[in-house]
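Undergrad: Structure for the following, please:
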Amino acid sequence: MENITVIIMLLFGVAFLSLISKKYNFPIPIVLVLCGVIISVIPGLPVIALSPEIVFIVFLPPLLYHAAWYTSWSDFKQTIRPITLAAVGLVLFTTVAVAVAAHMLIDDISWPLAFLLGAIVSPPDAVSATSITKGLGLHPRLIAILEGESLVNDASGLVAYKYALTAITAGNFVLWQAGLNFLVMSVLGISIGLGVGYVMSFIHKKFVCDEVIEATLTLLTPFASYLIAEHFECSGVLAVVATGLFLSARSGTIFTHESRMMTGTIWSVLTNILNGLIFILIGLQLRQIIAGIGDYSGLSLFIWGVSVSLVVILVRFLWVIPATLLPRYISKKIRLQEEFDFRNMIVFGWSGMRGVVSMAAALALPLMMNETQEFPLRNLIIYLVFCVILSTLVIQGLTLPWLIKKLKIEKYSIIAEEYEIRNIIVSQTITHIEDNFSLLNNDLLHNIKSKYEVKFNRLQKTELPANFFGKGNVMGGEIFNDFTKIQIDLLNVERSKLESMHKSGSVNEEIFRKIEKELDLEETRLWMEMYEE
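TA: As a prediction, the model looks like this:
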């Protein structure tokens, strides 16, 4: 009970710091890793560790599912070549490079342990990538590649992790068998994930009519996909990703609007708690982990941590430059269809932040090889993984905005694209009204049509940014803002009157909650219409 109290109080602390970071636009993943460091030096805190067997089950399915849910399938397909090169080729290249460096630097580390370390730190983190690059004005194609890479590379990295762990615990490893098993596990994992996605989409579409039940099912779906795939010894990670992509692409037709709003909120809360919890756990174990590597000198530990982190950072550039330039040199089609800016290549190379997936993989290392033998160098591996996460998040994460500024990358404005889309939707709706409701009563037809005509007229008066698709100087774009702010002010007048009536007891509780929800939904819609760079 005491341990649960400690974790809950620490979660409050992390949530408060996350609130401060949100207010001052400071990346939350960096806050979390620094919280882990702070927690580790607070005296008197207990050492709390989840069983390694359940770390993957608790953390990986929901975090990967959430990342897959917010990945655009169309963008994913369009950028599949660079995503594959980064998510598979770069991950394996990083695994090998880190393994060679660790084996050369550290006398005690065997080749299987070195490869295990490389596999753990090889995949950049989806949450870190999206959190840190958000609001920096990067080109959507670059964002799509970063998000797609961070999603798929977890699968390749964790498969390499699994084989390295097998080589250590079972004592055997055959390269060609591992490669064949990788293909089989991947195909079967994706197939199971798509199958679970199809079944769940059918259930959501045909049977579920309550948003609470629907939200509950979405929380259980990634665990079901992961556990079914793992039961058949396939890639549970790829199964979860496939399920998330499948259902996300169909969310507009299988979920009600209330379900989408509720589910989105619940998932945001859950992933925030899980991200905070994983770094709280590492913080509570870090003191014990440092004590467990006390046989090594502080200087050696520092050199090893810095060296492995530098290898992780530099290897990304060694891979990204030829992986970007060679396809363009070989294929004329790529040169004609894809714009190239070397500055985006540099930004991509500097965006390889590691995070919660690597931390979960490290904490999932078994405590014992067998009943009598401890897992070799477990504490040292976790320490090195934490050094890589700390270095990449703090150094790369904090300097990325500065790098973009120094490279003089023009901030890409998405407002103009959104303006076009809104124009098309509103125009098409007005046309539909004219074609299908012409026989309605004139007053009724006028009232229906005027709502969209007002919106269309506001669009035509919109001040667009000069850099329509990332070109030219940046100007502020105002879409609906003045009109929308007045509506929000009026909603606050309505809410104030409603609350005063509620306090005086002159309104029924059920009616109060219904009108309050109506006002909240309307205000949410209006805020969504506000456009700010």
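Undergrad: So Ser186 versus Val14, what's the distance?
TA: 35 Å (Cβ to Cβ, to the nearest Å). (Glycine included, C-beta is placed from N, CA and C.)
Undergrad: Likewise for Pro327?
TA: 42 Å.
Undergrad: Just want to know which of the two has more residues nearby.
TA: Val14 (25 against 16; other Cβ atoms under 10 Å).
Undergrad: Going by neighbour count, list what's buried in the host helix or strand of the more buried one.
TA: Per DSSP states H and E, Val14 falls inside helix 2-23. Neighbour counts over helix 2-23 (16 or more other Cβ atoms under 10 Å) mark Val6, Ile7, Leu10, Gly13, Val14, Leu17, Ser18, Ser21 as buried.
Undergrad: Let me know the pLDDT of the fourth one.
TA: Read it as Gly13. At Gly13, the model reports a pLDDT of 81.
Undergrad: How about it, nearest residue that isn't a chain neighbour?
TA: Distances taken as Cβ to Cβ, 6 or more residues apart in numbering place Cys35 nearest to Gly13, at 7.4 Å, with adjacent residues excluded.
Undergrad: residues making contact with stretch 19-29?
TA: 18, 30-31, 125, 127-128, 131-132, 135, 275, 353, 355-356, 393, 397-398 (Cβ atoms under 8 Å, 6 or more residues apart in numbering).
Undergrad: now those residues: which count as buried?
TA: By 16+ other Cβ under 10 Å, these give 18, 30-31, 125, 127-128, 131-132, 275, 353, 355-356, 393, 397 as buried.
Undergrad: Sitting in helices, which of those do you find?
TA: By the criterion of DSSP state H, membership of the buried ones among the contacts of stretch 19-29 in helices covers Ser18, Ile30, Val31, Val127, Ser128, Ser131, Ile132, Asn275, Val356, Gly397.
Undergrad: Tell me the one among these nearest to Val91.
TA: Using Cβ to Cβ, Ser128 is the member of those that sits closest to Val91, with 15.5 Å.
Undergrad: which element is the residue nearest to Gly13 on?
TA: Going by DSSP H and E, Cys35 is in helix 28-41.
Undergrad: ok, then the element right after that helix?
TA: That would be, after helix 28-41 and using DSSP H and E, helix 52-69.
Undergrad: about what we covered before: check the buried ones among the contacts of stretch 19-29 against Ser74 and report the nearest one.
TA: Checking these one by one against Ser74 (Cβ to Cβ), the nearest turns out to be Val127, at 21.9 Å.
Undergrad: Look up the pLDDT of the closest one for me, please.
TA: Looking at Val127, its pLDDT stands at 65.
Undergrad: Show me the strands in this structure, by range?
TA: Taking DSSP state E to define them, one finds no strands in the chain.
Undergrad: For it, give me the ranges with low pLDDT.
TA: Within the chain, the ranges that satisfy pLDDT under 70 run 1-2, 49, 126-130, 135, 170-179, 413-418, 458-483, 530-533.
Undergrad: need the contact list for the residue lying closest to Gly292 once chain neighbours are set aside.
TA: What sits nearest to Gly292 in space, not counting adjacent residues and going by Cβ to Cβ, 6+ apart, is Asn379, at 3.4 Å. Each residue near Asn379 by Cβ under 8 Å, 6+ apart is listed here: Gln288, Ile289, Ile290, Gly292, Ile293.
Undergrad: still on that earlier bit, Serialize the buried ones among the contacts of stretch 19-29 to CSV and add fields for distance to Tyr452.
TA: Shown next, in CSV, are the buried ones among the contacts of stretch 19-29 (distance: Cβ to Cβ, whole Å):
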residue, distance to Tyr452
Ser18, 40
Ile30, 44
Val31, 43
Asp125, 43
Val127, 38
Ser128, 41
Ser131, 36
Ile132, 39
Asn275, 41
Met353, 44
Gly355, 44
Val356, 44
Leu393, 46
Gly397, 43
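Undergrad: out of the residues you listed, who's nearest Val199?
TA: Val127 (27.5 Å).
Undergrad: about what we covered before: now the two most distant members of the contacts of stretch 19-29.
TA: Checking these with Cβ to Cβ, the most distant pair is Gly135 and Val356, at 20.6 Å.
Undergrad: And the helices in the stretch 251-400 of the chain?
TA: With DSSP state H, counting those that start in this stretch as the criterion, the stretch 251-400 of the chain has helices at 251-254, 257-292, 298-330, 332-337, 342-349, 356-363, 378-391, 397-406.
Undergrad: Pick the most buried one from these.
TA: Per residue and on average, the most neighbours among those fall to helix 356-363, with a mean of 26 (mean count of other Cβ atoms under 10 Å).
Undergrad: tilt between that one and helix 298-330?
TA: 130 degrees (axes from the mean of the first three to the mean of the last three Cα atoms, to 10 degrees).
Undergrad: Residues in contact with helix 356-363: which ones?
TA: Helix 356-363 is contacted by residues 29, 32, 49-50, 52, 55-56, 59-60, 63-64, 119-121, 123, 125-128, 154, 157-158, 161, 274-275, 278-279, 281-282, 285, 381-382, 385-386, 388-389 when judged by Cβ under 8 Å, 6+ apart.
Undergrad: again, 7 Å this time
TA: With contacts defined as Cβ atoms under 7 Å, 6 or more residues apart in numbering, helix 356-363 is touched by 52, 55-56, 59-60, 63, 120-121, 123, 125, 127, 154, 158, 161, 275, 278-279, 281-282, 381-382, 385, 389.
Undergrad: So for Thr324, what's the nearest residue that isn't a sequence neighbour?
TA: Leaving aside its sequence neighbours, Thr324 sits nearest to Met345 (Cβ to Cβ, 6+ apart; 5.1 Å).
Undergrad: Lys134 versus that neighbour, what's the distance?
TA: Taking Cβ to Cβ as the measure, Met345 and Lys134 are separated by 20 Å.
Undergrad: just Trp69 next, same as before
TA: Taken as Cβ to Cβ, the span from Trp69 to Lys134 is 16 Å.
Undergrad: who has more neighbours, the two?
TA: Neighbours were counted for Trp69 and for Lys134 using other Cβ under 10 Å; Trp69 has more, 19 against 11.
Undergrad: I'd assumed Phe246 was in contact with that one.
TA: No. Using Cβ atoms under 7 Å, Trp69 is not in contact with Phe246; the gap is 10.3 Å.
Undergrad: Having no further points to raise, I will conclude here.
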